[in-house]
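> quick one: sequence plus predicted model below, questions after.
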Amino acid sequence: MMSDETKEILNAILHRLDSLDAKVEGVQNEVISIKTELTQFRSETNERFNHIDRQFRLFDSDTDMLNKKVAEHDKDIHRLKQAQGI
């Protein structure tokens, strides 16, 4: 049969294990919360990056078009100057 002292020690150990289990569960819940937050942050960041990437591609396209127009205008100006003997 167990002595009272042994029972007290076992009860203290069991109580401590219950306390540790609760703390571990709390940490696990925090980790899940942080993972969820990071996943959401990553998704939002990817969406914003994709938007900015699309804007840059549109800007590049607009810049290319403007460069072509400038080249056309330069040719037209050169032709007009030649026609007027300038």
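Sure thing, it's come through.
> can you count the residues close to Ile52?
Number of residues near Ile52 (other C-beta atoms under 10 Å) recorded here: 10. C-beta here means a position set from N, CA and C on the backbone, and glycine is covered the same way.
> for it, give me its contacts.
Counting by C-beta atoms under 8 Å, 6 or more residues apart in numbering, Ile52 touches no other residue.
> distance of it from Glu5?
Distance of Ile52 to Glu5, computed by C-beta to C-beta, to the nearest Å: 69 Å.
> same check on Phe59?
For Phe59, the distance to Glu5 (C-beta to C-beta) stands at 79 Å.
> equivalent analysis for Phe49, please.
Per C-beta to C-beta, Phe49 is found 65 Å from Glu5.
> same question for Asn67.
Here Asn67 is placed at a distance of 90 Å from Glu5 (C-beta to C-beta).
> quick check: mean pLDDT of stretch 13-21?
Per-residue pLDDT over stretch 13-21 has a mean of 96.
> got the CA coordinates for that stretch in PDB?
Output in PDB follows, covering the C-alpha atoms of stretch 13-21 (Å, rounded to 0.1, in the frame of the first residue of the first chain):
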ATOM      1  CA  ILE A  13       3.200  15.300 -10.100                       C
ATOM      2  CA  LEU A  14      -0.200  14.800 -11.700                       C
ATOM      3  CA  HIS A  15      -1.200  18.400 -10.900                       C
ATOM      4  CA  ARG A  16       2.000  19.700 -12.400                       C
ATOM      5  CA  LEU A  17       1.500  17.500 -15.500                       C
ATOM      6  CA  ASP A  18      -2.000  18.900 -15.900                       C
ATOM      7  CA  SER A  19      -0.600  22.400 -15.600                       C
ATOM      8  CA  LEU A  20       2.100  21.600 -18.200                       C
ATOM      9  CA  ASP A  21      -0.500  20.100 -20.600                       C
END
